[in-house]
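Enquirer: Please work out how this folds:
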Amino acid sequence: MKISNKVLQKVNFLFLILFIYSNAIGQETAEELYNRGYRYLTVDKEKAISLLGKCIELDSTYTDAYFHRGITYFKLDQFDSALFDFKKAYDLNPDLSVLWMYKGFAYRNKGEINEALASFSNYISLYPQDTTAYSYILRGKMKYELGDFDGAISDYDMATKLKPFEEKYNYYKFIAFKEAKQYRSAIKCVSNLIKVNPDFYGYYFYKGQVYQEMEFYDSAIFMYNVAIIKNYQNPDSYFYRAQSYEKLSKLEKALEDYNTAIALNKNDGSFFSKRGNCRHLMGNKDGACADWTEAGELGYYEDFDKVKRVCE
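Expert: Here you go, the predicted structure:
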């Protein structure tokens, strides 16, 4: 039986319609690809990136796909790809001011501190109603790493005003004061930390360090005493107390503390080096030379020149 051309045309047309329909049924929409990618974010990051990429291929204006793909790249330490996606998401939706925070994290992890600082600053200026204080801490850290201790103090101060009882934030502010050599402010700050957490030996130790830098050696020794009472196994408390004793010419007490510090930590070359200096002041040349040599063997060379100058 011969089939007419009209019938063949109709059959071909039906096959074409079925082909187009079956392909339409099999192809996911951008939204479906995004939703699948989103579900993979925590279980398979590479799969999530692939699906979100397909979503973007179908719809290059899908802001959330760029946003979450960027975060996923960031978690995989692919910071350049993350920054590309954050920029695309922000270009599509400038109201996403939180992207400046993510850009700041990415730049910081790349070691581009100036860019990180600018990103955190942009977030603060675009979202001043954020009262979490964390953004000021982040910006303060970037300023601190760049050596802008006064700028860091300013940001830490704002953070502690927003969250006055946050111990960690007050600690950052203390460190910045200390590095800026604003010792009286540092003392005040660490004294507040002691009130917040009076059982932590470290704050008494830090206060002792500030007094020592101020050359208030008796006050430094007193604080180291308290630190040792709180934690008698911390070698640094003995080591720094020894240096204060040495400044007061109490060499026997200094030597005793150096001995204790070394007994607690035999791998720190600076301990041996400073004990060598103390022994040298006490007239014990052989003991001093032995300590300086040991310090050098441990990789600490600050006083190693004395081995040739004094010992040989």
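
Enquirer: Compute the first-to-last residue distance for stretch 273-288.
Expert: Here the two ends of stretch 273-288 are set 8 Å apart, with distance taken as Cα to Cα, to the nearest Å.

Enquirer: what's that stretch in contact with?
Expert: Residues from elsewhere that reach stretch 273-288 (Cβ atoms under 8 Å, 6 or more residues apart in numbering): 239, 242-243, 246, 251, 254-255, 258-259, 262, 289-292, 295, 300, 302-304, 306, 310-311. From N, CA and C alone the C-beta is placed, and that goes for glycine too.

Enquirer: go on, stretch 65-83?
Expert: The contact list for stretch 65-83, computed with Cβ under 8 Å, 6+ apart, reads 30, 34, 37-38, 41, 45, 48-49, 52-53, 55-56, 59, 84-86, 88-89, 92, 96, 99, 102-103, 105-107, 109-110.

Enquirer: for the helix or strand where Phe86 lies, the distance to its chain's centre please.
Expert: Phe86 belongs to helix 79-92 when assigned by DSSP states H and E. A distance of 22 Å separates the C-alpha centroid of helix 79-92 from that of its chain, computed with Cα atoms, centre = their mean, to the nearest Å.

Enquirer: what element comes up after it heading to the C-terminus?
Expert: helix 99-110.

Enquirer: and that following helix with helix 79-92, angle?
Expert: 160 degrees (axes from the mean of the first three to the mean of the last three Cα atoms, to 10 degrees).

Enquirer: now the angle from the next helix-or-strand element following helix 99-110 to helix 79-92?
Expert: Next along the chain after helix 99-110, taking DSSP H and E as the criterion, comes helix 113-126. Angle, helix 113-126 to helix 79-92, by the same axes, to 10 degrees: 30 degrees.

Enquirer: How about residues contacting helix 113-126?
Expert: 97-98, 100-101, 103-105, 107-108, 130, 135-136, 138-139, 142-143, 145-146.

Enquirer: any idea of the mean pLDDT for that helix?
Expert: Summarised as a single mean, pLDDT over helix 113-126 is 88.

Enquirer: Can you pull up the most central residue in this protein?
Expert: By Cα atoms, centre = their mean, the chain has its centre lying nearest to Lys141, at 8.0 Å.

Enquirer: That one and Phe222: what is the separation?
Expert: Distance, Lys141 to Phe222, by Cβ to Cβ, to the nearest Å: 32 Å.

Enquirer: what's the average pLDDT for the helix or strand where Arg241 lies?
Expert: Taking DSSP H and E as the definition, Arg241 sits inside helix 235-247. Mean pLDDT, computed over helix 235-247, is 97.

Enquirer: list the helices and strands it packs on?
Expert: Contact analysis of helix 235-247 by 3 or more Cβ pairs under 8 Å, 6 or more residues apart in numbering; DSSP states H and E lists helix 201-213, helix 217-230, helix 251-264, helix 269-281 as its packing neighbours.

Enquirer: And the average pLDDT for the last one is what?
Expert: In other words, helix 269-281. The average pLDDT within helix 269-281 is 96.

Enquirer: and the angle from the next helix or strand after that helix to helix 251-264?
Expert: Using DSSP H and E, the helix or strand that follows helix 269-281 in sequence is helix 285-297. Orientation check (the same axes, to 10 degrees): helix 285-297 against helix 251-264 gives 40 degrees.

Enquirer: Run the chain-centre distance for the helix or strand just after helix 285-297.
Expert: Counting by DSSP H and E, the element after helix 285-297 in chain order, helix or strand, is helix 305-306. Mean-position distance between helix 305-306 and its chain equals 37 Å (Cα atoms, centre = their mean).

Enquirer: Need the mean per-residue confidence for helix 305-306.
Expert: On average, helix 305-306 scores 85.

Enquirer: for stretch 78-87, same thing?
Expert: Here the average pLDDT along stretch 78-87 is 94.

Enquirer: Now do the buried residues in that stretch.
Expert: Gln78, Phe79, Ser81, Ala82, Leu83, Asp85, Phe86 (16 or more other Cβ atoms under 10 Å).
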